[in-house]
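J.: can't give you the sequence, but here's the structure:
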């Protein structure tokens, strides 16, 4: 168990809808990351937060947004969903967000857009 | 641009065989970190090892060993005497020292290892 908690584990929704994925980092970790894993694109970095502030942005679509709250949990909001958004979404955390740290990953949220 | 290539998409071995998973990376930066992660059938990503670009010492942890060669930009992973529980997808990843959008983990496509009894 990595200590990173993601909910829900599975989510099935329809095109055009909006969903929210939630992540609680390991106790004491200040940095949270979101990754998307799809069959065609593989594992792709979406966004990183550190102590409530956005630190780095990757291949995140404009329809997607995220935030990290004062209690350090994070939410990834996906809107106007398309079939191609179906993927496994991972949250990860690390202590301070520096680049030499290993990331601890949650078990992911499997999103299916029908 | 940074890139990680895992040329082996799938490997199948019989239990107790040794197996090497290849990883080749591309970067012009001199300071970077390399990682291996394991994704078992249950789906989570499990950290296996981190290596920084200045440390070319090979590492052994039980049945696992890693060979880092900067001259060939490779960071290969060997499992000795494989077991059924080693069946998983293994990802190699690169992270640059200077952060930013490229300073997060850049993953290869993964190698699916199947170990048959």
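T.: Yes, it's here. Model, not experiment: these values are computed from the prediction. Numbers count the residues shown, from 1 in each chain, chains lettered A, B, ... in the order given.

J.: interface residues of chain A facing chain B?
T.: When proximity is defined by C-beta under 8 Å from any C-beta of the partner chain, chain A lies next to chain B at A:2, A:33, A:35, A:42-45, A:48, A:55-58, A:88, A:90, A:92, A:98-100, A:102-108, A:110. To be clear about C-beta, it is placed using only N, CA and C from the backbone, and glycine gets the same treatment.

J.: Need the buried ones from those residues selected in ChimeraX.
T.: The ChimeraX selection below is limited to those of those classed as buried (16 or more other C-beta atoms under 10 Å in any protein chain shown):
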select /A:2,33,35,42,43,44,45,48,55,56,58,88,90,92,99,102,103,104,105,106,107,108,110
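
J.: out of the residues of chain A next to chain B, which are inside strands?
T.: Within the residues of chain A next to chain B, residues falling in strands by DSSP state E are A:33, A:35, A:42-45, A:48, A:55-57, A:88, A:90, A:92, A:104-105, A:110.

J.: what's the most distant pair in these?
T.: The distance between the two most remote of those (C-beta to C-beta) is 26.2 Å, for A:55 and A:110.

J.: Residues in contact with stretch B:58-72: which ones?
T.: With C-beta atoms under 8 Å, 6 or more residues apart in numbering or on different chains as the contact definition, stretch B:58-72 has outside contacts at B:24, B:34, B:36, B:48-49, B:51, B:53, B:55-57, B:74-83.

J.: what about 10 Å?
T.: Stretch B:58-72 has contacts (C-beta atoms under 10 Å, 6 or more residues apart in numbering or on different chains) with B:18, B:20-21, B:23-25, B:30, B:34, B:36, B:38, B:48-57, B:74-83, B:86, B:92.

J.: Adjacent strands (with direction) for the helix or strand containing residue B:47?
T.: Of the helices and strands defined by DSSP states H and E, residue B:47 is found in strand B:46-52. Strands flanking strand B:46-52 in the sheet, each with its direction: strand B:32-39 (antiparallel) (DSSP bridges).

J.: quick one: average confidence on the strand it pairs with?
T.: Per-residue pLDDT values over strand B:32-39 give a mean of 94.

J.: How about stretch A:90-97?
T.: Taken as a whole, stretch A:90-97 carries a mean pLDDT of 92.

J.: Any part of stretch B:84-93 near chain A?
T.: Yes - interface with chain A: stretch B:84-93 contributes B:91, B:93 (C-beta under 10 Å from any C-beta of the partner chain).

J.: and the next element down the chain from the worst-scoring helix or strand of chain B on mean pLDDT?
T.: Averaged element by element with mean pLDDT, DSSP states H and E, chain B has its least confident helix or strand at strand B:59-61 (a mean of 87). With elements assigned by DSSP H and E, the helix or strand that comes after strand B:59-61 is strand B:64-69.

J.: Distance of residue B:14 relative to chain A?
T.: 28 Å (C-beta to the nearest C-beta, to the nearest Å).

J.: Test of understanding: give the bridge partners of that residue.
T.: Beta-bridge pairing for residue B:14 (DSSP bridges): residue B:116.

J.: Could you name the helices and strands sitting against the helix or strand that residue A:75 is a member of?
T.: Assigning secondary structure by DSSP H and E places residue A:75 in strand A:74-78. Under the contact criterion of 3 or more C-beta pairs under 10 Å, 6 or more residues apart in numbering or on different chains; DSSP states H and E, strand A:74-78 touches strand A:19-24, strand A:31-38, strand A:42-50, strand A:64-68, strand A:87-94, strand A:109-113.

J.: quick check: angle from the last one to strand A:74-78?
T.: Same thing as strand A:109-113. The directions of strand A:109-113 and strand A:74-78 differ by 10 degrees, with axes from the mean of the first three to the mean of the last three C-alpha atoms, to 10 degrees as the criterion.
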